[in-house]
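> with the sequence up front, the predicted model follows.
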Amino acid sequence: MSYTEVPGAQVPIRMWADPATVEGVAMQQLRNVATLPWIQGLAVMPDVHFGKGATVGSVIAMRGAVCPAAVGVDIGCGMSAVRTSLTADDLPADLSRLRSRIEQVIPVGRGMHDDPVDPRRIHGFPAAGWDDFWGRFDGVAEAVKFRHERAAKQMGSLGSGNHFIEFCLDETGSVWLMLHSGSRNIGKELAEYHIEQARKLSHNQGLVDRDLAVFIADTPQMAAYRNDLFWAQEYARHNRDVMMALYQDVVRREFHKARPVFEPVISCHHNYVAEETYEGVELLVTRKGAIRAGSGDYGIIPGSMGTGSYIVRGLGNEASFNSASHGAGRKMSRNAAKKRFSTRDLEEQTRGVECRKDSGVVDEIPGAYKPIEKVMEQQRDLVEVVAKLKQVVCVKG
């Protein structure tokens, strides 16, 4: 047993992080979660840090209830990665053109496509079910329906913050394509709408933190949330699929002489809800900043923009509800990082990586994150490493 058990009001708090190193506000959030009447278990990942209502890096299992704030406002946020037939020997000395081509094809920041991407026009993209997916948008909350055009144009776009696209090498010299994004603005709006709806419900009025408001099974509010939640999770998966297909097209053009071949894409959410059964009990498992790591499940655990990432395979540890961390995890806020570090620090810490090195991304500097190697060491009983990647190009929003 590699976790530490901390007493909680309703359930013990199983921590794959050192409790002594977890910020006080995050520990209080974990204790608050452990007071919820519906909770059946709480697992804390080594990248845990403060978030809205529930910490980032926590896995919350509840019976007959779900907490929207424990999903995160970027519903379905996650990772995709694919190994290619390219090797380090195929790469030019100057990778700036490749970064520029990626940024031209995939909108970043608040950008979006001028017209919605037609997946049927993307090489090899499986467009089955696309019309049905968009048809189901008519069933989401009335409060966000006017966002349909924006949601359609943002499909296949990166976003900002810690979202990224990377061109990586593994330890054998093989090239990998990797990206990190979620459900864009439509997921955020749906999350914020339902968090506010949950806060108004009578059964949530006595909670220690109203941001932990839940929906209860077999109620109209739960049914509405589940509908919108699962649609947004699907949007996030499609968003990554479209971006990865566009990214592969860029690589095909830039390395046409090498005729690159792509293996099947590995994809995983790390802000989502899943219906899972443990010890014969059906639970709603919320992973906020955590990936599923069931036995044999492939996952992606990224570090920062200068340190590298890991492709992993789950070991199926039910003590963690078959989960593992989603990344290195922040050790300081964005504002603190901007005050602590300069563009010169950013240049030094991203040496050898073709990426932005301006003040707009100082808050994403590697020094603002926990050491990914330590995070991996703390979860040896949750995942095994399949490949270690080091980025040579990083596109940030």
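Ah, there it is. This one's a predicted model, so the numbers in the text were calculated from it and none came from an experiment.
> which residue ranges of the stretch 201-350 of the chain form helices?
Per DSSP state H, counting those that start in this stretch, the stretch 201-350 of the chain carries helices over the ranges 220-254, 334-340, 343-349.
> just the stretch 51-200 of the chain next, same as before
Going by DSSP H, counting those that start in this stretch, the stretch 51-200 of the chain shows helices at 96-105, 130-135, 148-154, 184-199.
> can I get the CA coordinates of the third one in PDB?
Read it as helix 148-154. Presented in PDB, the C-alpha positions along helix 148-154 are these (Å, rounded to 0.1, in the frame of the first residue of the first chain):
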ATOM      1  CA  HIS A 148     -24.300  26.700 -31.200                       C
ATOM      2  CA  GLU A 149     -22.400  28.600 -34.000                       C
ATOM      3  CA  ARG A 150     -19.500  29.400 -31.700                       C
ATOM      4  CA  ALA A 151     -19.300  25.800 -30.500                       C
ATOM      5  CA  ALA A 152     -19.300  24.500 -34.100                       C
ATOM      6  CA  LYS A 153     -16.400  26.900 -35.100                       C
ATOM      7  CA  GLN A 154     -14.400  26.100 -32.000                       C
END
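> which of the helices of the stretch 51-200 of the chain sits closest to R31?
helix 184-199 (20.1 Å; CB to CB). C-betas here are computed from N, CA, C, even on glycine.
> buried residues of the closest one, list them for me.
Across helix 184-199, burial judged by 16 or more other CB atoms under 10 Å covers 184-195, 197-199.
> from those, pick the one nearest E103.
When those are compared against E103 (criterion: CB to CB), the nearest one is R184, at 17.1 Å.
> show the contacting residues for that closest one.
A151, Q154, M155, S157, G159, Y235, N239 (CB atoms under 8 Å, 6 or more residues apart in numbering).
> of those - the most surrounded one?
Counting neighbours by other CB atoms under 10 Å, N239 leads those with 29 neighbours.
> my guess is that residue meets H180, correct?
No: if you go by CB atoms under 8 Å, N239 and H180 don't touch, sitting 11.1 Å apart.
> the stretch 1-150 of the chain: strands as residue ranges?
4-6, 13-15, 39-49, 56-62, 65-66, 78-87 (DSSP state E, counting those that start in this stretch).
> show me what the fourth one pairs with in its sheet, parallel or antiparallel.
Just to be clear, that refers to strand 56-62. Take DSSP bridges as the rule and strand 56-62 pairs in its sheet with strand 39-49 (antiparallel), strand 281-288 (antiparallel).
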